[in-house]
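Asks: Predicted model follows, preceded by the sequence.
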Amino acid sequence: QLQLVESGGGLVQPGGSLRLSCAASGFSLAHYSIGWFRQAPGKEREGVSCITRSDGDTYYADSVKGRFTISRDNAKNTVSLQMNSLKPEDTAVYYCAASPAEVPVTKYEYDYWGQGTQVTVSS
């Protein structure tokens, strides 16, 4: 069974850090571009970051650029999202997803999705 599982979410104060992990089972993440998305209550799911399949190029939403870092460990079959300088507006459920596209442009190009992990930034 092909599955993605996110972990690492939680409650953190503004300015704090969290590291999210996305682990795959049943397939190799090395063959996919991996994206992180988030969805806040009442809002659409938005792309946060992506790391491409072949070259490992990284992309970030303007709102997280300079604060978040995406990385992959193909040996462990995981992709991580290091989130620093967190803000209350980063509060959302965070999802990882896998796409066969080299550079996925929209969320509709992702075939596999995790169940999400809650991130809450609050004092």
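Replies: Nice, I can see it. The model shown is predicted, which means the values in this text are computed figures rather than measured ones. Residues are numbered from 1 along each chain as shown.

Asks: three-state assignment of Leu11?
Replies: strand (DSSP: H, G, I helix; E, B strand; the rest coil).

Asks: repeat for Ala30
Replies: Of the three states, Ala30 takes helix under three-state DSSP.

Asks: In space, what's closest to it - neighbours in sequence excluded?
Replies: The shortest distance from Ala30 to any non-neighbouring residue, by CB to CB, 6 or more residues apart in numbering, is to Asn74 (4.2 Å). Backbone N, C-alpha and C define where each C-beta goes, glycine included.

Asks: what's the spacing between that neighbour and Leu29?
Replies: For Asn74, the distance to Leu29 equals 7 Å [CB to CB, to the nearest Å].

Asks: between those two, who's got more neighbours?
Replies: Between Asn74 and Leu29, Leu29 has the larger neighbour count (other CB atoms under 10 Å), namely 23 against 12.

Asks: Settle this for me: the more buried one is touching Val79, isn't it.
Replies: Yes. Leu29 sits in contact with Val79 when judged by CB atoms under 8 Å, with a separation of 6.1 Å.

Asks: Mutual contacts of those two, please.
Replies: Cys22, Arg72 (CB atoms under 8 Å, 6 or more residues apart in numbering).

Asks: Surely Ser54 touches Val103?
Replies: No. Under the criterion of CB under 8 Å, Ser54 makes no contact with Val103, lying 9.6 Å away.

Asks: For these two, indicate the residue with more neighbours.
Replies: Val103 (14 against 10).

Asks: and that one, what does it touch?
Replies: Counting by CB under 8 Å, 6+ apart, Val103 makes contact with Ser33, Cys50, Thr52, Asp57, Tyr59.

Asks: Just the buried ones from those residues?
Replies: The neighbour-count test (16 or more other CB atoms under 10 Å) marks Ser33, Cys50, Thr52, Tyr59 as buried among the contacts of Val103.

Asks: Closest one to Tyr94 out of those residues, please.
Replies: Cys50 (13.5 Å; CB to CB).

Asks: Distance check, the residue most central in space within the chain against Lys107.
Replies: Among the residues of the chain, the one closest to the centroid is Trp36, at 2.3 Å (CA atoms, centre = their mean). Remark: distance between Trp36 and Lys107 (CB to CB) = 11 Å.
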